[in-house]
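> Sharing a sequence plus its predicted fold:
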Amino acid sequence: MAKNSAAAADSATVTMASALNRAMREALSEDSSVVIFGEDVGPLGGVFRITDGLTRDFGENRVWDSPLAESGIIGTAIGMAMYGMRPIVEMQFDAFSYPAFEQVVSHVAKMHNRTRGAVRLPMVIRIPTSGGIGGVEHHSDSSEAYWTHTPGLTVVTPSNPADAYSMLLEAIRSDDPVIFLEPKSRYWMKEKSEGNLEPLPMNRARVVREGTDVTLIAYGPTVSVALETAELGTHEGLSVEVIDLRSLSPFDDETVGASVRKTHRAAVIHEAAQFGGYGAEVAARVTEREFYHLAAPILRITGADTPFPAPLLEKFYLPNPERILDSLSTWQWED
């Protein structure tokens, strides 16, 4: 994608919701094989209005409402992708994707390998993910570890409007299936362009803040939390580097490793429960590769090992800058 296209999506003040809508609109315009369907994504524009106006402008043959059956949505998309279409499907909420789990794991992820490369599935599964909206247990899950544990899937998540735009376009144009996790707490946050956000391939991580003392590894909704932590850390004399992973699978070892070799300390931040979470894989992977550069064990600052709580308790469940800084203080900082 040309640099000026990304800049256009990230100009002035824009929301992630509008950036995602623009990407799908562009994909529909440039490729007649692209279709969009899911629960309420048609005239209503989806629960979060991400597909707003697309049925009106492209017609019900290109953007339409499906039955309330997630397994059927994915199964239909598989058949369409096998026969040359490029479906974009929406799972209305993160936890609503579980009825489709068997279709994704058994068929979407395995079709290319099963057919020895003869059949590809160019499809995007959009999943609004994570908390921060005052939702309840079926509307605030962080299910990334299920998908990243499944070979054959590309799993990505943007944290800002410019990346949402460029990454979704790249996912739609990919010949492989992509799980596209959209942090719903970021949908309507208005963000101004700083004019220097270089477009990156969706499989690359981005250093969003330079630092020398510790690397905070974040993705999706926790990138903004990590940046807030870094700002607070300056008042305590702490120089914090923040990495936005962007791609959860594949993992960008090069970018993360270079940062850890510089700071010698790292912490992973995510909203999902800690036990068996994605942060455990990151910690193990970085430790295996950068062990002799680490001055301390890699920390995981995460959600609690409980189901997602009621809205009034959400602030105690989700990682926040104060809790992150408190966790970092447990290290012995004398190298």
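Good, I have the coordinates.
> List the contacts of the helix or strand harbouring Met80.
According to DSSP states H and E, Met80 maps onto helix 70-82. Residues from elsewhere that reach helix 70-82 (C-beta atoms under 8 Å, 6 or more residues apart in numbering): 35, 37-39, 66-67, 87, 89, 91, 96-100, 102-104, 107-108, 111, 119-123, 125, 177. (Each C-beta comes from the backbone N, C-alpha and C, glycine too.)
> let's go with 6 Å and repeat that
Applying C-beta atoms under 6 Å, 6 or more residues apart in numbering, the set of residues contacting helix 70-82 from outside is 66, 87, 89, 91, 96, 99-100, 103-104, 107, 119, 121-123.
> Reformat those into a markdown table and put secondary structure next to each item.
Shown next, in a markdown table, are the contacts of helix 70-82 (DSSP: H, G, I helix; E, B strand; the rest coil):
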| residue | secondary structure |
| --- | --- |
| Ser66 | coil |
| Pro87 | strand |
| Val89 | strand |
| Met91 | coil |
| Phe96 | helix |
| Pro99 | helix |
| Ala100 | helix |
| Gln103 | helix |
| Val104 | helix |
| His107 | helix |
| Val119 | coil |
| Leu121 | coil |
| Pro122 | coil |
| Met123 | coil |
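> ok, these vs Gly277, which is closest?
Of all the contacts of helix 70-82, Val104 has the smallest distance to Gly277: 19.3 Å, by C-beta to C-beta.
> In terms of pLDDT, where does that closest one sit?
The per-residue pLDDT reported for Val104 equals 97.
> How about Gly233?
At Gly233, the model reports a pLDDT of 94.
> can you check the one 5 residues further on too?
Leu238 carries a pLDDT value of 95.
> ok, it - contacts?
Counting by C-beta under 6 Å, 6+ apart, Leu238 makes contact with Asp213.
> and what of Leu299?
Contacts of Leu299 by C-beta under 6 Å, 6+ apart are Ala267, Ser327.
> again with His138
Taking C-beta under 6 Å, 6+ apart, one finds Ala95 in contact with His138.
> State the distance from it to Pro67.
Here the criterion is C-beta to C-beta, to the nearest Å. By it, His138 lies 19 Å from Pro67.
> Please apply the same query to Val35.
The spacing between Val35 and Pro67, counted by C-beta to C-beta, is 16 Å.
> next one: Glu182
Counting by C-beta to C-beta - Glu182 and Pro67 are separated by 22 Å.
> neighbour count winner among these two?
Using other C-beta atoms under 10 Å as the criterion, Glu182 and Pro67 rank with Glu182 on top: 24 against 9.
> what sits against the spatially closest residue to the more buried one that is not a sequence neighbour?
For Glu182, ignoring the flanking residues on the chain, the nearest one in space by C-beta to C-beta, 6 or more residues apart in numbering is Pro128 at 5.1 Å. Neighbouring residues of Pro128 by C-beta under 6 Å, 6+ apart: Phe93, Glu182, Lys184.
> Can I take it that the second one is in a strand?
Yes: with three-state DSSP as the criterion, Glu182 is located in a strand.
> before we move on, back to that, which member of the contacts of Pro128 is positioned nearest Thr215?
Lowest distance from Thr215 to those (C-beta to C-beta) belongs to Glu182, with 24.9 Å.
> mind checking pLDDT for that closest one?
pLDDT, Glu182: 97.
> and the gap between it and Lys262?
The value you get for Glu182 to Lys262, if C-beta to C-beta is used, is 31 Å.
> Then Ser329?
Separation of Ser329 from Lys262 (C-beta to C-beta): 21 Å.
> Looking at those two, which one has more neighbours?
Between Ser329 and Lys262, Lys262 has the larger neighbour count (other C-beta under 10 Å), namely 15 against 10.
> Touching, Ile172 and Glu26? I think so.
No: between Ile172 and Glu26 there is no contact under C-beta atoms under 6 Å: 8.9 Å.
> Looking at these two, which is more packed in?
For Ile172 versus Glu26, neighbours defined as other C-beta under 10 Å are more numerous around Ile172 (24 against 17).
> quick one: that one is in a strand?
No: applying three-state DSSP, one finds Ile172 to be helix, outside a strand.
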